[in-house]
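> Turn this into a model:
(one chain, ligands or ions: 1)
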Amino acid sequence: MLKLSDIHITFNAGTATEVRALRGVSLDIAEGEFVTVIGSNGAGKSTLLSTVVGTTKPDTGTVHLAGNDVTAWPAAKRAGLVGRVFQEPRLGTCSSLSIEENLALAAARGKRRGLSLALGKHGQKAMFAEHLEKLGLGLEHRMATPIGALSGGQRQAVSLLMATLLPMKILVLDEHTAALDPSAAHKVLTLSAEIAGEGRLTTLMVTHSMKDALAYGSRTLMMNAGRIVLDIKGEERSKLKVSDLLERFGRAAGTEIDDDQLMLG
Ligand SMILES: Nc1ncnc2c1ncn2[C@@H]1O[C@H](COP(=O)(O)OP(=O)(O)OP(=O)(O)O)[C@@H](O)[C@H]1O
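Numbers count the residues shown, from 1 in each chain. Alright, predicted model coming up:
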């Protein structure tokens, strides 16, 4: 479903600020797999996600999504295949617009239709209410509320819905619970796993929480200095504790994990 082949990305090449962000990353993710990604600061996690979404182009290497070679496709052209939820709740939504209007914008994504036309579509409101009800946050009764009035957790839950509203294949979660308190983060993570499972979405989730990296999904990648240094799944992963993961990282990367936001518990 998602195949990256020997991706290299260097920022500011040939200058004093040159950074080799990805150094030959290859990755094959099957349909429906939920992969968590963890690693040191500056390891290349966000760059990896941007390569999938299409906001960063590889210098060399190829990206295949759902059987298409999308390496040269801009992010807008990939929108029908990939949905993304950002770390910052404000980034994925428009504060001054209502929940319903934000959902209508998401529903019109990739199509040449304006907000009013989208809102006018028969049955769309009922469809939004149905989706909102599944979140279990009572937001189906607050559809006229501006998104800016919601809590971070409620907003990320709506962002999740917006990212997955249209038929799509790959869900990219970029530290999407990092700005939330623990209880809201737990709720949003649970919803993410439910939505990904229901839609059989292939999911890539970057997190700074070692515990969440093991608790959610079916496969965990660890990155260091632009490379994937650990790729763990199956029975091996199910037995792993956070302390084992740290130890495995140290052995694979030849260094201790360096992450100033890292959460072990
Ligand atoms: N647009 C850019 N221009 C220049 N350098 C960049 C750019 N984007 C990322 N980098 C650099 O590339 C490296 C990898 O960055 P990236 O954001 O992918 O790391 P990360 O693993 O997501 O880190 P963190 O956990 O700290 O967010 C870093 O050294 C970063 O400073």
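> List phi and psi for the residue positioned nearest the centre of the chain.
The centre of the chain sits closest to Leu173, judged by CA atoms, centre = their mean, with a distance of 1.5 Å. Per-residue torsions, Leu173: phi -110, psi 110 (degrees, to the nearest 10).
> Which residue ranges of the chain form strands?
Ranges of strands within the chain are 2-11, 19-29, 34-39, 60-65, 68-69, 82-85, 170-174, 202-206, 219-224, 227-233, based on DSSP state E.
> Make JSON lines out of those strands and add distance to the ligand and mean pLDDT.
For the C-beta atoms, the positions are set from N, CA and C on the backbone; glycine is no exception. Below are the strands of the chain laid out as JSON lines (distance: least, CB to the nearest ligand atom, whole Å; pLDDT from 0 to 100):
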{"stretch": "strand 2-11", "distance to the ligand": "3", "mean pLDDT": "98"}
{"stretch": "strand 19-29", "distance to the ligand": "4", "mean pLDDT": "97"}
{"stretch": "strand 34-39", "distance to the ligand": "6", "mean pLDDT": "96"}
{"stretch": "strand 60-65", "distance to the ligand": "15", "mean pLDDT": "97"}
{"stretch": "strand 68-69", "distance to the ligand": "23", "mean pLDDT": "96"}
{"stretch": "strand 82-85", "distance to the ligand": "14", "mean pLDDT": "93"}
{"stretch": "strand 170-174", "distance to the ligand": "8", "mean pLDDT": "95"}
{"stretch": "strand 202-206", "distance to the ligand": "7", "mean pLDDT": "97"}
{"stretch": "strand 219-224", "distance to the ligand": "6", "mean pLDDT": "96"}
{"stretch": "strand 227-233", "distance to the ligand": "11", "mean pLDDT": "96"}
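> re earlier: these two touch, right, the residue nearest to the centre of the chain and Leu189?
No - under the criterion of CB atoms under 8 Å, Leu173 is not in contact with Leu189, lying 9.0 Å apart.
> thinking again about what came up before, which strand residues bridge the residue nearest to the centre of the chain?
Val85, Met205 (DSSP bridges).
> that older thread, in CSV: the strands of the chain, plus distance to Asp212.
Listed next are those as CSV, based on distance: least, CB to CB, whole Å:
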stretch, distance to Asp212
strand 2-11, 21
strand 19-29, 18
strand 34-39, 7
strand 60-65, 25
strand 68-69, 31
strand 82-85, 15
strand 170-174, 11
strand 202-206, 8
strand 219-224, 10
strand 227-233, 15
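> out of the ones you listed, nearest to Ile195?
strand 170-174 (7.6 Å; CB to CB).
> tell me the angle that closest one makes with strand 34-39.
30 degrees (axes from the mean of the first three to the mean of the last three CA atoms, to 10 degrees).
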